[in-house]
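**Student:** Based on what follows, work out the 3D shape:
(chains A, B and C)
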Amino acid sequence: MIPQALRDAFRLIFEGDPYTLSVIWFSFKVAFASLAIAVVIGLPVGILLGTTRFAGRLGFLTLVNAAMGLPPVVAGLVTFMVLRNNGVLGDAQLLFTPAAMVLAQVPLAAPLIAGITMASISALPAAIKIQARGLGASRLQEAKILAGQARASLFAAVIAGFGATISEVGAILITGGNLLVGGKNYTRTMTTAIVLETRLGNFSRAMAFAVILLFAILIVNILFTRAQTAGRAR
Amino acid sequence: MSHGRICPPFLASNTFGGMKPFVALIVVLLGGCAPGAASGEVIVLASTTSTQDSGLLDVLTAEFEKAHPGHAVKVVAVGSGEALDLGRRGDADVLLAHSPKDEAKFIAQGHGVSRTTIMKNNFVIAGPRGDPSSIAKIGDAVSAFREIAGSGARFISRGDESGTHRRELSLWEEAAIALKGDWYFEAGSGMAETLVIAAEKGAYILTDTATLRATQSPLAILLSGDDTLINPYSVIPVVATRNRGAPVLAQWLVSPQARSVIGAFGKDRFGSSHFEPVGP
Amino acid sequence: MSILLEGAGLRRTYRRTLDLDVPRISAQRGRVLVIMGPSGAGKSTLLRLLALVEKPDQGQILIAGQPAKPHDLKSRRKMASAMQTATLFRGTVLRNVEWGLAIRRVHKRLRLIRSEEALALVGLDGFESRDVAELSGGEAQRVNLARALAVQPEILFLDEPLVYVDETMRESLALALRKFTLRTSCATVWVTHDRAEALGMSDDLALVSDGRMLQQGETMEVFTKPDGLQAARLVGADNVIAATITSNDDGLAKLKAGDADIEATTDLAEGTTVYLVVRPEEVSVWGAAPQDSSPRNWFKGVLAEVISLGATVKLRVDGEVPLVALITQPTFRELGVTAGDPIWAGFKATAVHVMRRS
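**Tutor:** Coordinates of the predicted model:
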């Protein structure tokens, strides 16, 4: 059955099946959009937690660590409750749209990135921070050089974040609705498409999507890893 | 549901091909299969998600097992299309479907012994309370569908090849509407979930009243009573079965006892019965 | 005398113990201040406080008379430091050396020029495009140094800058750093535990031990007149003799150390109990009793130990007044003595530093 799935997968891609291609493209769009927001939030927070002692740091750090274990469906549920018509942001009419899916994944990826970044930065020898300050660096410049020194680990944080967003199912199913609009893909990703096809008993289609998803993850990680290991340090 | 244990249908099919022994091992480990189970007392009834969701099947199978101890029923709830597929492959012994056209084809192809309608319920067109396309005034479903498409109002389909979905598609076909355009949504999920999306999006939807009530949906019933919306459920014993209990179940389902169970179902909770028994 | 950098009332507590207590320390423009002391004395801590990299628990830092807050960027931009372990950033040597200028938004061309100058100063011409991962320990430390020099700061901090540098390069590099200080008129604060380095390179000397400031002043002052036993030990004044002033005639005092009579110049009064500090270099030795009376103080003893220090020789003399002398190898050879031989050792009255003894 797996060889058949592989054949189906290649056929769907190389024949340019529009539904399949749009599902693949959409999956990446959602995953990278969430990842981008999560990086913008998580990276600075992680650096801050790793370098500065401030009141309440320990409490905040505990929160970040706990949030790394946040069940994705809970994130999806909370996002759903906030975005629904009766919810706080109901007027924005964002539920069952791609935006809702992107939003739901941010609380899953951001703490992950922040937590790993924090651990990497604080594992750096204190001498780097001290030397940077001793040369007249501002807070921001200090953070930049620390991030540069912990480059490989920060990449690991981003890779982990990507892993979380590309493989997410529950949260985006709840907030996206797995919809087609006008016959075209609207909120279906590879993961939610697998759920649908499995439910309908279209096992070979489901397996095809699974194979494509795995390949896609592999390719992205090859690129990430190459970037991560470029250059050497002392 | 059922008291006995039975290997799920796919073990008897070719779905997993060469991986069957491996899959069988996993299924056994997960407790899904009692060793030594074979076609015997346990009967596989394939039916639709809507009947399962309403809870009727639980009641029916319980009553059957009381009346015929020594027989057990395992319900597999899938869409009508899938149910017919199971029957075609012999993975199910008795079918309870609500997709008349496909059922007729099924019988014509010789997969089913007979077709007996035992109950019906009605689809309705539900939608936002404000009824933006004013379909409440329209008398028949096909015209209503035409009006919805014409006005560009949102409509959401189950999109899961279920009986409800197929009925919806046949109505679109009769109305000669092409399902392109940003107004037509497909969810690929069950009735309850699709109703939630409909409520959020303010969309029209073809639904049964049971699920509408059960989910306490804010949507209003805007069009009902049209003959095209009648949804008959029929029992079809499968030709390919070797289960000796299958005819017993099929017989019971078309009996007056079954019909009175159907008729009584839901009365205590919702005031009126969900399903109308049909026949003598 | 222009005091550029001052630390006043600096204190730091670590786990309930006062681990740094320096009432006052200052560095002047165009001069090298060396902070010297044994390992773990708190020198590096003091340097970090002065460089505004860490906050003291009490006290303040003043730059040109104005108090400077620890995180005040403007003040920190006037400084550059080369910390103890060379912490270089990933990338090329140039990237590191120009970093201090890059964060100050200096133009690329100027950065290159200054970096090249700094690298030339530390003897690493042409190293610009080398990757830091390829450098040896000594080279890395010199890059570390160049990185601070390129900034041409008003205040330069160096923490053990020459520790991994080859012996052959050490002297020339130290000299180059002195010249740099004079040329740019910066105040250089230099931390070391190496006595020779401290004495050779500094204009001002601060002695720190156990987190306490023992003495600060012009190097020669501190060197010849250490204030206290600990200070004396630190500057290598190996001869410390307990004595009492028996008489003082217009600055020339007679003292008694046990049974020995000693003469020394001091203003302290008769009856004062003192320590007499004599540097080993000031002690002369003879194979026989000296005939002329040029050294006022001389004593007979036995050569207890001969310690060869390369170009010099340390002699430990036991006797009435135990002394340590430091003489050159040629002089030692001329003497022709060995351990166990009788020997005479002595010093001038003016070579004695008299310290009050409590």
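**Student:** From here on, just use CA atoms for contacts and neighbour counts.
**Tutor:** Noted.
**Student:** right, and residue B:120 touches residue B:278 too?
**Tutor:** Yes. Counting by Cα atoms under 8 Å, residue B:120 does reach residue B:278; the two are 6.8 Å apart.
**Student:** Helices along the stretch 1-150 of chain B, start to end?
**Tutor:** B:20-29, B:49-54, B:56-67, B:80-89, B:100-108, B:141-151 (DSSP state H, counting those that start in this stretch).
**Student:** And the pLDDT for the residue lying closest to residue B:214 once chain neighbours are set aside?
**Tutor:** With sequence-adjacent residues excluded and distances taken as Cα to Cα, 6 or more residues apart in numbering or on different chains, residue B:214 is closest to residue B:54, at 7.9 Å. Note on residue B:54: pLDDT of 73.
**Student:** was I right about residue B:54 contacting residue B:210?
**Tutor:** Yes. With contact taken as Cα under 8 Å, residue B:54 and residue B:210 are classed as touching, separated by 6.5 Å.
**Student:** quick check: domain ranges of chain C?
**Tutor:** Here the domain parsing of chain C from automatic domain parsing is C:3-230, C:239-356.
**Student:** Let me know the distance separating the residue of the stretch 151-300 of chain C found nearest chain B from chain A.
**Tutor:** Chain B sits closest to residue C:151 of the stretch 151-300 of chain C, with a gap of 63.0 Å, by Cα to the nearest Cα. In this structure, residue C:151 and chain A are separated by 8 Å, where distance is defined by Cα to the nearest Cα, to the nearest Å.
**Student:** Just give the number of residues close to that residue.
**Tutor:** Using other Cα atoms under 10 Å in any protein chain shown, residue C:151 is surrounded by 28 other residues.
**Student:** So which bits of the helix or strand of chain A with the lowest mean pLDDT are buried?
**Tutor:** Ranked by mean pLDDT, DSSP states H and E, the weakest helix or strand in chain A is helix A:2-14, scoring a mean of 79. Going by neighbour count (16 or more other Cα atoms under 10 Å in any protein chain shown), the buried part of helix A:2-14 is A:5-6, A:8-9, A:12-13.
**Student:** Now do it: distance to the chain's middle.
**Tutor:** Helix A:2-14 has its average C-alpha position 27 Å from the chain's average C-alpha position, going by Cα atoms, centre = their mean, to the nearest Å.
**Student:** Packing partners of the helix or strand following that helix?
**Tutor:** Following the chain from helix A:2-14 toward its C-terminal end, the next helix or strand by DSSP states H and E is helix A:18-51. In terms of contact count using 3 or more Cα pairs under 8 Å, 6 or more residues apart in numbering or on different chains; DSSP states H and E, helix A:18-51 is assigned the packing partners helix A:2-14, helix A:98-123, helix A:139-149, helix A:151-166, strand A:184-185, helix A:190-200.
**Student:** Would you mind giving the orientation angle of helix A:18-51 with respect to helix A:151-166?
**Tutor:** Taking axes from the mean of the first three to the mean of the last three Cα atoms, to 10 degrees, one finds that helix A:18-51 is oriented at 140 degrees with respect to helix A:151-166.
**Student:** Figure out how far helix A:18-51 is from the centre of its chain.
**Tutor:** Offset of helix A:18-51 from its chain centre (Cα atoms, centre = their mean): 4 Å.
**Student:** List, one by one, the residues from the stretch 51-200 of chain B near chain A.
**Tutor:** If contact is defined as Cα under 8 Å from any Cα of the partner chain, the residues of the stretch 51-200 of chain B in contact with chain A are B:78-79, B:82, B:160-161, B:179-189, B:197, B:200.
**Student:** Could you say which helix or strand holds residue C:242?
**Tutor:** With elements delineated by DSSP H and E, residue C:242 resides in strand C:239-249, which encompasses its position.
**Student:** What of residue C:88?
**Tutor:** Residue-wise, residue C:88 maps onto no helix or strand under DSSP H and E.
**Student:** Centre of the chain to the strand holding residue C:242, how far?
**Tutor:** Counting by Cα atoms, centre = their mean, strand C:239-249 comes out at 28 Å from the chain centroid.
**Student:** repeat for stretch C:156-172
**Tutor:** Using Cα atoms, centre = their mean, we find the averaged C-alpha position of stretch C:156-172 to lie 13 Å away from the chain's own average C-alpha position.
**Student:** can you check stretch C:33-53 too?
**Tutor:** Relative to where its chain is centred, stretch C:33-53 has its mean C-alpha point 12 Å off (Cα atoms, centre = their mean).
**Student:** Can you point out the buried residues in it?
**Tutor:** Counting neighbours by 16+ other Cα under 10 Å, stretch C:33-53 gives C:33-38, C:41-53 as buried.
**Student:** residues in contact with residue C:215?
**Tutor:** By Cα atoms under 8 Å, 6 or more residues apart in numbering or on different chains, the residues touching residue C:215 are C:205-208, C:222, C:226-227, C:231.
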